[in-house]
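Q: missing the sequence, but the structure's below:
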DNA sequence: GAGTGGTCTAGACCACGAG
DNA sequence: TCGTGGTCTAGACCACTCA
């Protein structure tokens, strides 16, 4: 038994995929659509919510519902490249950054394995493709490893690459959840659209955490790729 | 300006975390809660939807809303252990499995790098903790590498470990999305709760894909962990 | 200011689950 | 059967965007 909203969502989905509704175009207003399908506005909004959850439609308050499309996929590359992996995450994109000094909350203290209240440098990045936000990153670095001046990701990567005890391990924890209200606003996505959340901790040979990064990527167009080469019995140093 | 539903959700969330509402207990009916907060049932339901999205509350149609809790977290271990990594994913859990023979659809053909229409063996697992489903896995193996008889994950792992050209690479693609209606039903989660979706492709030294696995894990209690040891002398110049 | 989406209401009717 | 949640309605009022 397909409910009313699913039937409407299916119809609109077809119109989008068949090209009757083109990417970037504004849909008729919700009132007009509700009249066209002879449903109440609430029902129609529920139908649109399904399409938002799939990332097919973007709502803009006070303006309209727009067909999304043509957005390039974001692929976060995990693993060896990770500490410097601003690769696809911020490759051809604009970016805004903000650097502040904070004290470690208990959560951050655990993550970075430092005493609560330690001085940390926090860097917040938001990367954009055109006007569309593509991702958010909070980076935390022990204060003595970061200058107080503003840090760009390339600078962080260089610092890490030249770190005295060489880096030894990168641990990445990936989870799926709904965005917080702030994240939904910052990424301009619907609160009902899942985000991919990555927590990356980089450790040097002495066991010290030199960087923790919390990344949030919109689920409709982002994924993370991890490639593992399996060593047989022969030690191959090929990269 | 917190909206009404957020205020209600916050209040209920507090009551849950503070122990006034205990795990497994049924909440008052939606009508009673609506009366208590002096809001309409729709608004109250919206508040509950927020908690469902966080995995704090489980709705059961015709029965009530229940506080979830005490569910153990699922950690999928990626990387080297992956091909055999039924570790935590199905470790102390019950499991149901179903094996069928299918022909490769275009999507699967791409994933497995075989001609469309090739014979594949499909294995569907659902793992449970008690009555609660914990994860779904679709595994696809070229038909000539799998016997037609039913396969359990341990058997698959053994087969892969003894594969003639040794395994050389595991590639895992992780994404976050909302579940399909079938997935939501099978995992007994709300359609508004994000799932973690993993596509794992295992390749042997000859470049042949020997296994593809599509895993779906509930976002509220699952995450994936990837640990990468960095080789010292090798310094990747840039991303 | 005109038009858009956002929130909320009060209530009807349907579908499911347990006794 | 009865109480639960699920879907939907018709409409009020608020908040935002853009001309």
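A: The structure has been received and is ready for your questions. Remember, it's a predicted structure, so these values are computed and weren't measured experimentally. Numbering: from 1, shown residues only, chains lettered A, B, ... in the order given.
Q: run through chain A and note the low-pLDDT ranges.
A: By pLDDT under 70, the weakly predicted segments of chain A are A:80-93, A:147-154, A:232-239.
Q: now with 80?
A: Along chain A, segments meeting pLDDT under 80 span A:1, A:69-72, A:79-97, A:129-132, A:146-164, A:231-239.
Q: as a check, name the ranges of all helices in it.
A: Remark: helices assigned in chain A by DSSP state H are A:4-17, A:30-36, A:41-53, A:87-90, A:106-112, A:153-161, A:181-187.
Q: reformat these as JSON lines; add mean neighbour count.
A: C-betas here are computed from N, CA, C, even on glycine. Shown next, in JSON lines, are these (neighbours: other C-beta atoms under 10 Å in any protein chain shown):
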{"stretch": "helix A:4-17", "mean neighbour count": "17"}
{"stretch": "helix A:30-36", "mean neighbour count": "14"}
{"stretch": "helix A:41-53", "mean neighbour count": "20"}
{"stretch": "helix A:87-90", "mean neighbour count": "20"}
{"stretch": "helix A:106-112", "mean neighbour count": "15"}
{"stretch": "helix A:153-161", "mean neighbour count": "17"}
{"stretch": "helix A:181-187", "mean neighbour count": "15"}
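Q: contacting residues around residue A:165?
A: Contacts for residue A:165 (C-beta atoms under 8 Å, 6 or more residues apart in numbering or on different chains) come out as A:204-206, A:208.
Q: what sits closest to residue A:186 if chain neighbours are left out?
A: In space, and not counting its chain neighbours, residue A:186 is closest to residue A:136: 5.8 Å by C-beta to C-beta, 6 or more residues apart in numbering or on different chains.
Q: what is the one you found paired to in the beta sheet?
A: Residues in a beta bridge with residue A:136, per DSSP bridges, are residue A:126, residue A:216.
Q: list the contacts for the closest residue to residue A:66 other than its chain neighbours?
A: Nearest residue to residue A:66 in three dimensions, chain neighbours excluded: residue A:58, at 5.0 Å (C-beta to C-beta, 6+ apart). If a contact means C-beta under 8 Å, 6+ apart, then residue A:58 has A:52, A:65-66, A:68, A:188-190 as its contacts.
Q: next up, the contacts around residue A:27.
A: Applying C-beta under 8 Å, 6+ apart, the residues contacting residue A:27 are A:12, A:21, A:33, A:57, A:64-67.
Q: rerun that using 10 Å as the cut-off
A: By C-beta atoms under 10 Å, 6 or more residues apart in numbering or on different chains, residue A:27 lies in contact with A:12, A:15-16, A:21, A:33, A:48, A:51, A:57, A:59, A:64-67.
Q: these: which two are farthest apart?
A: In terms of C-beta to C-beta, those reach their longest pairwise distance at A:15 and A:59, which sit 17.1 Å apart.
Q: picking that back up, out of the contacts of residue A:58, which is most surrounded?
A: Scoring the contacts of residue A:58 on neighbours with other C-beta atoms under 10 Å in any protein chain shown, the highest-scoring entry is residue A:189 at 25 neighbours.
Q: does that residue touch residue A:60 like I think?
A: No: counting by C-beta atoms under 10 Å, residue A:189 sits too far from residue A:60 to count as a contact (11.8 Å).
Q: contact residues of chain A facing DNA strand D?
A: Within chain A, the positions near DNA strand D by C-beta under 7 Å from any atom of the strand are A:3-5, A:38-43, A:46, A:60-63.
Q: let's have the helices of chain A in TSV, adding distance to residue B:96.
A: As requested, the helices of chain A are exported to TSV (distance: least, C-beta to C-beta, whole Å):
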stretch	distance to residue B:96
helix A:4-17	28
helix A:30-36	42
helix A:41-53	28
helix A:87-90	38
helix A:106-112	37
helix A:153-161	46
helix A:181-187	36
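Q: tell me which of the ones you listed lies nearest to residue B:145.
A: helix A:87-90 (33.0 Å).
Q: next, work out how far apart the closest residue to residue A:179 other than its chain neighbours and residue A:226 are.
A: Spatial nearest neighbour of residue A:179, chain neighbours left out: residue A:195 (4.7 Å); criterion: C-beta to C-beta, 6+ apart. Applying C-beta to C-beta, to the nearest Å, the value for residue A:195 to residue A:226 is 18 Å.
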